[in-house]
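*Asks:* Dropping the sequence and predicted coords here.
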Amino acid sequence: MQHLTNRAKPVDRKPMTALEKLYLWNIAKGMWITLKHIFKRKATINFPEQRREFSPVFRGLQVLNRDAEGRENCTACGLCAVACPAEAITMEAAERQPGEEHLYREEKYAAKYEINMLRCIFCGLCEEACPKDAVYLSETFAPSNYQRKGFIYGKEDLLIPHPKLEPEAYQQALGTRAKRQEKASSN
Amino acid sequence: MITLLAIDWLFILEKLILIVSIISISLVIAMYETYAERKVAAVMQDRRGPNRAGPFGILQPLADGLKLFMKEEIIPNTSNRFLFVLGPCMAMLTAMMTSAVIPWGGKIHFTLFGADRWVSLQIADINIGILYIFGVVSMGVYGIMIGGWASNNKFSLMAAMRGASQVISYELPMGLSLIALLMLTGSLKMSSIVGGQIDSWYNVLYQPLGFFIFLVCAFAECNRTPFDLPEAENELNFGYHQEYSSMKLGFYLFAEYINMFISSAVMVSLFWGGYDIPFIKDANLAEQIGYNWLAALQGLSMFIKIAIFIFAFMWVRWTIPRFRYDQLMNLGWKTLIPLSLFNMIITALVVLLREYGWRF
C-alpha cells in the first residue's frame, strides 16, 4: 500500500508472547507514569482565590468616562451605536439645562445609555469610534446574572465613579488605563 | 426464664456494638473512598479534584450523598418492580456481610462487674471464615444479575451477563491461589491465618505468585478497572445501573466501594499479616503499653495497610484501560488458572518435601 505521507508507522501485529499476555511489564510502565504525575505541578488556577492576570490589551466591561472635574464626557452623538457590530448600544440624547454644567461637559448629553452585555462581543469598536473619550473597555468582565434583564447595563452601572467625590473608587475603576495613556501620549 | 438468664447477654451486646461500629466504619470509609477516588484521579491527571465543599473538599461526599437522596426516584414502567428494588439491596447486603469474619485487631481487655472480659475485634470467628467470604462474594453477582435483569433494558442485561460470567470465571483462579495459601496455613479460620503471621513472616513472602493472582482476581471481583466491563460507561451506558436513579444508584456505587474496602481487608488479612504491626514484636509491645492500646494500634496498622491497597485499586483504575471481553476471558481462563494451578502444585510439592525432610 502506498502511504500519503512518510509519517505512517507500521503496526506490530505479531502475536503476543506468553509474557506479554500477562500485561505485567506494560502495566508497570503505565503505573510508573501515573505515579510520576502525582508529584507534578497542577495546571489549574484556583479561580476565585487566584486570578490570572489579563493581558494589557484585554477588552472587558465598558465604562462611561468622566473628565477630571467629574463631568460626563458623553455627548450622545451615537457614533458608538453606529460602530457597534452587535447593535448592543442604545441611547437617548437630552439637552443640558442651565445649572447642569457641573454634570455634563457639553451642552448635549446621554439621558439614557444602555449596553446589552449579552449582545456585546467586546470588540472595542465603540471605544475606537468615540470622539470624546467617553466610552472605553475596562479590565473586568460582566459578572454572571440570573436574569436576562440583569445584563442590560444602564448608565448607573456603566458610569465611572466621581473622581472628586469617590477618588479611591475612581482610581480603581481607572485601573492601569491612566498609566497606559500617559505612556501612549509620551511616545 | 432460667434459659434466658443463661444467655450471655453481655456477649450479644458486645457483638452488637461491634457490628454497628464496623458497618458504620465501612460506610464512612466507602463515602471517603469516593472522595479519595476523585482526588487520586485528579492528581494523576494534574488536576486538583474536589476542593470547594469544606477544607480540601472534605465535605464533598456528604454533598454527593445529599444530592443522591434528593434526586427523583424513577422505576421504569416495564421493569419488574420487586426485583428492581431487590437488586441494589442484594449488592449492599453482600458487600456488608463479608466484613463479619475479618479480624480487625487484637483482643480488648476490660473488667465489668468484677469479671475480666476479653473481646476480640472480630464479629464472628467461624472456622470456615475464608469459605464464608467466598460464599458471600459469589452472592454479590446476584446484585448485578438481578439489577440488570429487572431493568428490562438490553444494555443492562448485557452488562449483567458480562458481570456474571466475569465474576464466576475469576472466582476460580482466586480459589486456586487460595488453596496454595491454605496448604501453608493449614486452617480456614481467619483468626488463625492472621495469627500465624503475627510477629513472623507474612504469607506474601511464601506466596508471592498466589498473592498476585489473588490481587488480579480481586480487581475483577470488585468490577474495577481494568475489569469494569459490567459498568463500561462508554459502551454500555453504565451497564447494570443504567436505569437506576437516586439512592438505589447510590447503593450500587456504595456497594462497589465497600467491596473494595472489604477485599483490601481480606488481602491484608490473608497475605500481609492482617492487623500485625510490621517490624515490631507485638507481644513485647503489649507488655509495655497494655492490651487495649495494642489493639488500637493494631487496628490502625490494619487500616493503613487497607488504605494502601485501596490506593492501589484507584491507581490502577486511573492507569489501565478496560480489557476487551475476549481479552478478559483469555486472561482468566488461559493465563490465570494455569498459573494458579502451577502455583498450587509447586506449593504442594514444597510442603510435601519439607514434611519428609527434603528427601526425594
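*Replies:* Looks like it came in fine.
*Asks:* List of residues touching stretch B:125-139?
*Replies:* Stretch B:125-139 is contacted by residues B:90, B:94, B:97-98, B:100-101, B:103, B:167-168, B:171, B:174-175, B:178, B:182, B:187-191, B:193, B:221, B:263, B:266, B:270 when judged by Cβ atoms under 8 Å, 6 or more residues apart in numbering or on different chains. Every C-beta, even on glycine, is put in place using the N, C-alpha and C of the backbone.
*Asks:* could you flag which of the residues you listed are buried?
*Replies:* Buried by 16 or more other Cβ atoms under 10 Å in any protein chain shown: B:90, B:94, B:97-98, B:100-101, B:103, B:167, B:171, B:174-175, B:178, B:182, B:187-191, B:193, B:221, B:263, B:266, B:270, out of the contacts of stretch B:125-139.
*Asks:* Counting only helices, which of those make the cut?
*Replies:* Judged by DSSP state H, helices contain the following of these: B:90, B:94, B:97, B:167, B:171, B:174-175, B:178, B:182, B:190-191, B:193, B:221, B:263, B:266, B:270.
*Asks:* For residue B:318, see how far away residue B:40 is.
*Replies:* With distances defined as Cβ to Cβ, to the nearest Å, the gap from residue B:40 to residue B:318 amounts to 6 Å.
*Asks:* the more surrounded of these two?
*Replies:* A count of neighbours by other Cβ atoms under 10 Å in any protein chain shown puts residue B:40 above the other of residue B:40 and residue B:318, at 21 against 18.
*Asks:* and chain A, which residues reach chain B?
*Replies:* With the criterion set to Cβ under 8 Å from any Cβ of the partner chain, chain A comes near chain B through A:21-23, A:27, A:30-31, A:33-35, A:37-38, A:40-44, A:46.
*Asks:* Inside strands: which ones of the residues you listed?
*Replies:* Members of the residues of chain A next to chain B lying in strands (criterion: DSSP state E): none.
*Asks:* Show the buried residues in those residues.
*Replies:* Buried members of the residues of chain A next to chain B, counted by 16+ other Cβ under 10 Å: A:22, A:23, A:30, A:31, A:34.
*Asks:* List the residues that contact residue B:249.
*Replies:* Under the criterion of Cβ under 8 Å, 6+ apart, the contact list for residue B:249 reads B:68, B:88, B:241.
*Asks:* Number of residues surrounding residue B:269?
*Replies:* Neighbours of residue B:269 using other Cβ under 10 Å come to 28.
*Asks:* got the residue ranges for the strands in chain A?
*Replies:* With strands called from DSSP E, chain A shows them at A:62-64, A:89-95, A:108-116, A:135-137, A:152-153.
*Asks:* Please identify the pairing partners of the last one and their relative orientation?
*Replies:* Right, the one you point to is strand A:152-153. Strand partners for strand A:152-153, identified by DSSP bridges, are recorded as strand A:108-116 (antiparallel).
*Asks:* Export the strands of chain A as TSV, with columns for distance to residue B:326, mean pLDDT and mean neighbour count.
*Replies:* Supplementary listing: the strands of chain A in TSV, determined by distance: least, Cβ to Cβ, whole Å; pLDDT from 0 to 100; neighbours: other Cβ atoms under 10 Å in any protein chain shown:
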stretch	distance to residue B:326	mean pLDDT	mean neighbour count
strand A:62-64	62	88	23
strand A:89-95	64	91	15
strand A:108-116	59	90	19
strand A:135-137	60	87	22
strand A:152-153	61	90	18
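*Asks:* Sweet, I'm off.
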